[in-house]
Every structure is written in C-alpha cells, then in structure tokens.
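Peer 1: compute the structure for the input listed below.
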Amino acid sequence: MMGKKPKHQKASKPTGARDIGDLLLCPAKAAEAFAPKYNGDTTSASSGEQALDELDEFPSTGGLHGASSDEENDLPSTKGDIKALLRHIHTRCIQLEAHNTELRRSQILLKDRLDTEEDWHRSRNIKIRGIPETVSQDDLPHFVERLLATLLTPQQVTAAAIDVVYRIPRAAKAPAGTSRDVILQLQTRAAQRNIMAAVRGKTTHLFDTANLSFYQDLSKPTLTWRGLFKPLTATLRQHSIPYRWAFPRSLVITHGGATTHITDPSEMDSVLSALDLPPRQEQTTPARRPTTPHVWDMTAVKPFQPANPGASASTTFKAQRAAKHPSGAWGLEGARGTPAEKTA
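Peer 2: Numbers count the residues shown, from 1 in each chain. Below you'll find the model as predicted:
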C-alpha cells in the first residue's frame with residue numbers, strides 16, 4: 001500500500017528579504033515624497049509657470065494657416081524681385097565681359113608698343129657671333145675696331161663711334177664650348193646700317209682665323225614673330241626673290257618692280273599667289289597608327305563534349321585530368337621530379 005504524498009511546505013522568507021508591500025508608500029507619505037521641495041527658493045515653481053506662459057504664446061492652428069497664406073501672397077512679388085535681380089546680374093556680366101575684352105585689346109596694344117620701343121632701342125646694336133672666348137672683355141673694343149676697319153671705308157669707320165661692347169650669357173640650347181655672342185652698341189643708327197649693309201649676303205666673315213656672323217639685335221617677341229614667316233622666306237630664297245625686314249614689324253618683298261609689305265602671317269598664301277609661287281607646304285606631323293581593340297573569336301572555341309555522354313561533367317573532367325597528368329593533381333609532382341630523379 002502506497003503511502004501518501006508529503007505536502008509541500010510553504011517556503012519561508014529569507015532573512016533580510018523585503019516584501020513588495022514594503023516598497024509601496026501610503027498616500028500621505030507618497031504626497032510628501034513627491035511634493036516640490038522649495039527650501040525657501042521659488043525657482044522651480046516660477047520655471048513651471050514660465051513654461052506654461054510660453055506654451056500659451058505659441059500660435060494656434062488658425063494662426064499658422066493665416067501666416068502661410070500671407071507668405072503665399074508674397075510669393076509673386078518675391079519672384080518678381082528675383083527675376084529683376086537676375087536681369088541686373090546678367091546685364092552686369094555682359095558689361096564686364098565687354099570691359100574685359102577692351103582691357104585685353106589695350107593690353108595687346110600696350111605690349112606691341114613696348115616691343116616696338118625695345119626694338120627701337122636695340123636698333124643701334126649688332127650681335128656678333130663667333131668671337132673667341134680668348135678675347136677678354138678689355139680687348140673687345142680694340143678687336144671690334146680692327147674688325148670694322150676691314151668692313152667699312154675710312155670715312156665710315158670714323159663715323160662708327162662705338163658706345164659699348166659686351167658679351168651676353170650663352171643660350172641654354174647652345175652646344176658646349178660655344179663662344180658667347182657679343183653685343184656691339186653704336187652711337188648712331190647710320191653706322192649700324194652701314195655695317196649690316198657691308199655684311200649683307202655673307203654667311204660668315206673671316207677675321208683673325210675666326211668665322212664671324214652678324215645679326216640684328218632684336219627682342220624675343222620680334223624674333224618669334226619673324227619665325228612665323230619661315231615658310232614664306234624659305235620659298236622666296238628658293239626662287240631668288242629678294243626680301244628684307246623693316247621696322248618695326250614688316251616684311252618687304254621686291255619682285256617684278258613691285259614692293260609688297262607684309263605685317264600679318266595670315267597674308268602669306270595671298271602673297272605667294274600674287275607672285276605666282278607654289279603654295280607653302282603645311283608641316284603636319286605623321287598620323288599615329290590607329291589601334292584596333294582585340295576581338296576574341298569565339299567561333300573557334302569548341303564547346304565541352306564529354307567522352308561518355310552518360311557520365312557527369314565532373315567525372316569526365318577528372319578522367320581527362322588524370323589522363324593528362326598521371327603523376328598527380330595538375331602534374332605538380334611530375335614537374336618537381338621524384339625523389340629518385342632528384343638524387344640522380
């Protein structure tokens with residue numbers, strides 16, 4: 001006979017444990033605990049009242065709708081003001097662009113005048129190339145005086161008073177060991193013209209075992225401008241047509257009793273046509289060979305066909321790999337060699 005089940009005894013409260021009722025306060029104590037503690041200071045009460053006042057000052061829904069309708073009414077006038085401002089800005093931009101164009105034109109004109117003044121100042125100079133470096137700065141005046149005596153008549157030598165003679169720095173592209181050019185500055189332009197007329201038509205002039213060349217001393221912009229006429233001057237020299245450079249920037253061509261002045265390189269084609277000369281050849285760089293993108297020919301690639309149609313692709317691939325690399329996976333062992341092959 002089975003005995004009765006023992007009844008579960010009620011668990012006793014551990015020592016020091018608190019019941020939930022202990023955490024609840026009676027109404028009187030709760031009111032006392034949550035009541036604002038002023039301690040003689042009314043800041044908390046006043047801040048609450050201030051917050052309520054600020055909430056009262058907020059506009060109502062009707063007020064917000066009224067304000068939005070006022071803004072909508074002001075939109076057309078605001079849009080018109082923006083359009084007027086944009087038109088004003090557009091007009092100012094056009095005026096500024098026109099003013100900038102005028103400034104650019106004035107700048108080009110001023111630069112041309114400065115270049116002309118520089119060339120006019122250099123018009124009394126002659127650049128002599130080829131004087132050896134063994135001639136010192138102190139000996140240069142005496143060397144040039146002896147040189148002029150071989151080029152000019154005694155009366156012209158007397159009139160060719162030398163102002164200053166000096167060397168200029170060597171050009172960056174000049175070969176190593178090349179002597180520096182010498183600038184001969186004369187007191188009169190007539191003396192400069194006499195010397196240039198004496199050496200005109202000569203490539204070099206032999207003096208004291210030195211081959212000397214004479215050039216006009218020109219500014220860099222003028223030299224660049226003259227370089228633009230190289231196709232025309234080359235054609236003129238090829239057909240033995242005389243020409244000369246005039247001051248400030250002009251090319252004078254004499255042919256058939258007529259004289260033609262050119263100041264703009266764009267006139268070269270019309271001048272060649274007027275002289276019955278062939279048109280100048282434009283220097284064009286050879287065109288690069290076009291590179292065509294590589295196109296893969298997929299028609300030559302055969303699709304994968306298993307030897308055994310009934311076998312799976314993985315099985316067929318493994319069989320082909322084993323037949324191709326009998327030594328192991330991908331033939332690494334065969335490539336490295338067996339231990340016997342390494343020992344041998």
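Peer 1: the stretch 201-344 of the chain: helices as residue ranges?
Peer 2: In the stretch 201-344 of the chain, the segments counted as helices under DSSP state H, counting those that start in this stretch are 220-227, 230-238, 268-274, 313-324, 332-336, 339-343.
Peer 1: just the element for the residue nearest to Pro169 when sequence neighbours are not counted, please.
Peer 2: Spatial nearest neighbour of Pro169, excluding adjacent residues (Cβ to Cβ, 6 or more residues apart in numbering): Arg180 at 6.9 Å. Heads up, the C-betas are built off the backbone N, CA and C, glycines and all. Using DSSP states H and E, Arg180 falls within no helix or strand.
Peer 1: let me see the contact set for Val157.
Peer 2: Neighbour list for Val157: 145, 148-149 [criterion: Cβ atoms under 8 Å, 6 or more residues apart in numbering].
Peer 1: of those, keep whichever come out buried.
Peer 2: When these are checked for burial by 16 or more other Cβ atoms under 10 Å, the buried set is Leu148.
Peer 1: would you turn the contacts of Val157 into JSON lines with pLDDT and distance to Trp245?
Peer 2: Shown next, in JSON lines, are the contacts of Val157 (pLDDT from 0 to 100; distance: Cβ to Cβ, whole Å):
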{"residue": "Glu145", "pLDDT": "92", "distance to Trp245": "27"}
{"residue": "Leu148", "pLDDT": "92", "distance to Trp245": "23"}
{"residue": "Ala149", "pLDDT": "91", "distance to Trp245": "27"}
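Peer 1: closest to Tyr243 among the contacts of Val157?
Peer 2: Sorting the contacts of Val157 by distance to Tyr243 puts Leu148 at the head of the list, at 26.6 Å, by Cβ to Cβ.
Peer 1: so that closest one versus Thr259, what's the distance?
Peer 2: 31 Å (Cβ to Cβ, to the nearest Å).
Peer 1: repeat for Asp81
Peer 2: Between Asp81 and Thr259 the distance is 66 Å, computed by Cβ to Cβ.
Peer 1: now do Val135
Peer 2: 41 Å.
Peer 1: likewise for Leu184?
Peer 2: From Leu184 across to Thr259, the span is 30 Å (Cβ to Cβ).
Peer 1: and these two? which has more neighbours close in?
Peer 2: More neighbours surround Leu184 than the other of Leu184 and Thr259, with 25 against 9 (other Cβ atoms under 10 Å).
Peer 1: what residues does the helix or strand where the more buried one lies touch?
Peer 2: Counting by DSSP H and E, the secondary-structure element that holds Leu184 is strand 182-186. Contact with strand 182-186 is made by 124-129, 131, 140, 144, 160-168, 192, 195, 217, as judged by Cβ under 8 Å, 6+ apart.
Peer 1: sheet partners, orientation included, of it?
Peer 2: strand 125-129 (antiparallel), strand 162-167 (antiparallel) (DSSP bridges).
Peer 1: which of the ones you listed is buried the deepest?
Peer 2: Most buried of the strands paired with strand 182-186, by mean neighbour count (mean count of other Cβ atoms under 10 Å): strand 125-129, with a mean of 19.
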